[in-house]
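**Student:** Take a look and give me a structure for this.
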Amino acid sequence: MAGGVSLTLRDVVSLLDQRYPPHLAEDWDAVGLTCGDPDASVRRVLFAVDPVPAVVDEAMVEQADLVVTHHPLFLRGVHSVAATDHKGRIVHELISHGIALYSAHTNADNARPGVSDALADALGLVDCRPLDPRPGEPATGTGRVGELVRPMTLAAFGAEVAGALPATAHGIRVAGDGERVARTVAVCGGAGDSLLDAAAAAADVYVTSDLRHHRAQDHVLGGGCALVDVAHFAGEWPWLPVAAAALAADAAQLGSRLEVRVSTIVTDPWTSHRGSQP
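**Tutor:** Down below sits the predicted model:
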């Protein structure tokens, strides 16, 4: 059981907001507390990428008081949270079991350390810097650029990426000459095709998710860097244990011991993959 000073949900949200300041979120985003009583006590916290029914079920089994997800449950305004669709049912399940929900999305992307820092660390990059720095806050921003400790071919690097990230049906896709040597690597956790030009100017290879056919094709044919497309879920999952450990450490500074757990449920929507013959 957790011991020491008892923390309220308000206290825990304050700690999370300090790590991932809400002002760093993009203006279209919806971050922070989705549901929960700020005065309720928090002892157990579950971290996950997505607020989906399987994660809510896991939170109930774990008797979590708070679920922290990267992706928000709601990105657009709603007029009802009736239990008539899966999002409404999630709200009802959480509230009825006394479980709060908090999301750190683009604020965690832009924070440092944040989502892309965790991805860069998982891939063994060093000397990282923002790929797209925020104006006036150059230490923060979207994506990271770093160096490999030892240069390797694109083929070898692709294998490293596949082994470093959670296994998904999507796997990884590589665009570029397999014998090309990679030294400098750009990464962006989540959908990152908006940063293709920045990656081309800064790196030998770019690791991100949700690359679209025409953007990727034009990038490669235009002489851009090599590409490694990973599952959206897999590219963001490495942030979870980092964020969980940081929250536990911040709580300990206040004299409290939070029980933190990271969900290993694969919430990527794709459930199978069949490669076609070359």
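**Student:** For the protein, give me the ranges with low pLDDT.
**Tutor:** Along the chain, segments meeting pLDDT under 70 span 1-3, 278.
**Student:** center of it, which residue is that?
**Tutor:** residue 236 (3.0 Å; Cα atoms, centre = their mean).
**Student:** Let me know whether residue 200 touches residue 227 as I believe.
**Tutor:** No: with contact defined as Cβ atoms under 8 Å, residue 200 does not count as touching residue 227 (9.8 Å). Quick note: C-beta positions are derived from backbone N, CA and C, even for glycine.
**Student:** coming back round to it: backbone torsions only: list them for the residue nearest to the centre of the chain.
**Tutor:** Main-chain dihedrals, residue 236, degrees, to the nearest 10: phi -100, psi -20.
**Student:** where does the closest residue to it other than its chain neighbours fall, helix, sheet strand or coil?
**Tutor:** Leaving out its chain neighbours, the residue that sits closest to residue 236 by Cβ to Cβ, 6 or more residues apart in numbering is residue 189, at 4.6 Å. State at residue 189, reduced to three classes by DSSP: H, G, I helix; E, B strand; the rest coil: strand.
**Student:** Next: residue 272.
**Tutor:** State at residue 272, reduced to three classes by three-state DSSP: coil.
**Student:** Now do the nearest residue to it once chain neighbours are set aside against residue 270, distance only.
**Tutor:** Spatial nearest neighbour of residue 272, chain neighbours left out: residue 169 (5.1 Å); criterion: Cβ to Cβ, 6+ apart. Look at residue 169 and residue 270: by Cβ to Cβ, to the nearest Å, they are 5 Å apart.
**Student:** same question, residue 94
**Tutor:** For residue 94 relative to residue 270 (Cβ to Cβ), the value is 26 Å.
**Student:** in the protein, which spans are helices?
**Tutor:** Counting by DSSP state H, residue ranges of the helices within the chain are 9-19, 53-62, 86-96, 106-110, 115-122, 154-164, 196-202, 213-221, 232-236, 239-253.
**Student:** Compare those helices and give me the one nearest residue 145.
**Tutor:** Nearest of the helices of the chain to residue 145, taken as Cβ to Cβ: helix 196-202 at 4.8 Å.
**Student:** Can you tell me which helices and strands that closest one packs against?
**Tutor:** Where contact means 3 or more Cβ pairs under 8 Å, 6 or more residues apart in numbering; DSSP states H and E, helix 196-202 is packed against strand 125-134, strand 137-153, strand 181-191, strand 205-209, helix 213-221.
**Student:** related to what we said a few turns ago, show me what contacts the residue nearest to residue 272?
**Tutor:** Neighbouring residues of residue 169 by Cβ atoms under 8 Å, 6 or more residues apart in numbering: 231, 268, 270-273.
**Student:** And the residues you listed, which two are furthest apart?
**Tutor:** 231 and 272 (12.8 Å).
**Student:** higher neighbour count, the two?
**Tutor:** Counted by other Cβ atoms under 10 Å, residue 231 and residue 272 do not tie: residue 231 has more neighbours, with 24 against 6.
**Student:** correct me, but that one touches residue 208?
**Tutor:** No: using Cβ under 8 Å, residue 231 is not in contact with residue 208, being 10.9 Å away.
**Student:** returning to that earlier point: who touches both of residue 169 and residue 270?
**Tutor:** With Cβ under 8 Å, 6+ apart as the test, residue 169 and residue 270 both reach residue 231.
**Student:** between residue 94 and residue 270, which one's more packed in?
**Tutor:** Using other Cβ under 10 Å, the more surrounded residue of residue 94 and residue 270 is residue 94, with 23 against 13.
**Student:** How about stretch 177-187, which residues are buried there?
**Tutor:** 182, 184-187 (16 or more other Cβ atoms under 10 Å).
**Student:** I meant to write stretch 119-139 there.
**Tutor:** Residues of stretch 119-139 classed as buried: 119-123, 125, 128, 130-133 (neighbour count, 16+ other Cβ under 10 Å).
**Student:** Farthest-apart pair in those, please.
**Tutor:** Greatest spatial distance in the buried residues of stretch 119-139: 122 and 133, 21.7 Å, computed using Cβ to Cβ.
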